[in-house]
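*Asks:* Have a look; sequence and predicted model below, questions after that.
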Amino acid sequence: MSERQVTERLDDSAAGIARGAELLRSGATVAFPTETVYGLGANALDDDAVAKIYAAKERPSFNPLIAHLPDAESALIYAHMSPEARRVADAFWPGPLTLVLPLRSGAGLSPLVTAGNDSVALRVPNRPLALRLLREAGVPVAAPSANPSGRISPTTADHVLAGLDGRIGAVIDGGPCTVGVESTILGLTDPRHPVLLRPGSVTAEQIASVMGIMPSLPAGPDDTSPIAPGQMTSHYAPRAGVRLNATTARDGEVLVGFGPTPGADINLSPTGDLAEAAARLFAVLHDLDQGKWDSIAVAPIPQEGVGLAINDRLNRAAAPRPSGPA
Ligand code: TXA
Ligand code: MG
């Protein structure tokens, strides 16, 4: 548990970002928007600062964090970059792709960031506000999604405060996130065997077109393995139940449509646009999860492009929950 504190709400002006950077340098936690979701940032070189992330989120300490950097050159400080990794980084950074690379030991990253692994997850986000904050902070910033562990990721500052108000130093309000689902995670500890650890809006096909080799899927969901802890089955869970591939609502259910969906109470994208559906997914789940509905029924989403990432998050939301409040 973290101590109760007053959470500052900062705007995305130069002064707001400067204050956020100052708080990060001083060892506080600061939530900020990226193009995917809001992250809960802390100085990745400072054990005490990183520990505050785990405390605020009540996140299991075996689940490592992504270190966010302002540019690809900075990645060379913290990781060994194979020629393949550099090619992928040049193609997709800044952008919604996280690379898991061999850790360069002795570069000063807190072992809490990597959860003691000899690999590190790095990302250069594609959002001017985030890049400016990272440059001004002048340190790598560890940032998981800014939600209590096991809950839905935030795509607005209000979502962040709904889960973490009083538990973090500040949130910078930059408006909603445009991508809406978390970054694609590509394991490149062995560049000859790229592994798609988490689907996102950068697709396996796009990665294959740069690498000339299709990333494989991890061996399978596992609740403890350190290699792909993001694959924990029940994750991204709203409080209400979630039922997939629904065409009608049952008693007590609200129906979320995709494309033409007769009887839908709300629609992720009436025109069937997957990017729009991804951008709205978590906001719709947050809105419907205020206690009015027992269960959220979701229409089928095509398993293609960013639809894979949407279905991945929905499958986790629908998975049986661990016992007790998450
Ligand atoms: O879009 C995103 O990636 C957002 C924004 C804030 O950048 N961040 C995010 O962080 O989604 P988080 O902590 O919610 O998810 C990071 C995932 C976790 O599933 C973690 O297990 C995995 O990255 N991860 C981190 N380091 C790893 C490593 N060394 N090996 C394998 N997986 C790792
Ligand atoms: Mg998360």
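*Replies:* Cool, got the structure. No experiment lies behind these values; they were computed from the predicted model shown. Ligands and ions are numbered 1, 2, ... in the order given.
*Asks:* List, one by one, the residues from the stretch 51-200 of the chain near ligand 1.
*Replies:* On the criterion Cβ under 6 Å from any ligand atom, ligand 1 has as its neighbours in the stretch 51-200 of the chain the residues 63-66, 98, 100, 114, 117, 119-121, 123, 125, 143-145, 182-183, 185, 197. Yep, even glycine has a C-beta here, placed from its N, CA and C like the rest.
*Asks:* ok, now with 5 Å
*Replies:* Applying Cβ under 5 Å from any ligand atom, one finds that the stretch 51-200 of the chain approaches ligand 1 through 63-64, 66, 100, 117, 119, 121, 143-145, 182-183.
*Asks:* for those residues, which one is nearest H159?
*Replies:* Nearest to H159 out of those is S145 (Cβ to Cβ; 9.9 Å).
*Asks:* In strands only, show me the residues of the stretch 51-200 of the chain next to ligand 1.
*Replies:* Judged by DSSP state E, strands contain the following of those: 66, 100, 119, 121.
*Asks:* Phi, psi for the nearest residue to the second one once chain neighbours are set aside please.
*Replies:* If I follow you right, that is V100. Leaving aside its sequence neighbours, V100 sits nearest to G187 (Cβ to Cβ, 6 or more residues apart in numbering; 4.5 Å). When quoted as degrees, to the nearest 10, the phi and psi of G187 stand at phi -80, psi 120.
*Asks:* do G20 as well
*Replies:* Main-chain dihedrals, G20, degrees, to the nearest 10: phi -60, psi -40.
*Asks:* Same question for A89.
*Replies:* phi -60, psi -40.
*Asks:* Then L97?
*Replies:* The main-chain torsion angles of L97 are listed as degrees, to the nearest 10 and equal phi -130, psi 130.
*Asks:* mind checking pLDDT for the residue in the stretch 51-200 of the chain that ligand 1 sits nearest to?
*Replies:* Per Cβ to the nearest ligand atom, the residue of the stretch 51-200 of the chain with the smallest distance to ligand 1 is P144, at 2.9 Å. At P144, the predicted lDDT confidence score is 98.
*Asks:* Low-confidence stretches in the chain?
*Replies:* Along the chain, segments meeting pLDDT under 70 span 1-2, 220-235, 322-326.
*Asks:* residues contacting the closest residue in space to R127 that isn't next to it in sequence?
*Replies:* Counting by Cβ to Cβ, 6+ apart, R127 lies nearest to E35, which is 4.6 Å off, once chain neighbours are set aside. If you count contacts by Cβ atoms under 8 Å, 6 or more residues apart in numbering, E35 has them with 95-96, 125-127, 130, 177-179.
*Asks:* again, 6 Å this time
*Replies:* E35 makes contact with 96, 126-127, 178-179, according to Cβ atoms under 6 Å, 6 or more residues apart in numbering.
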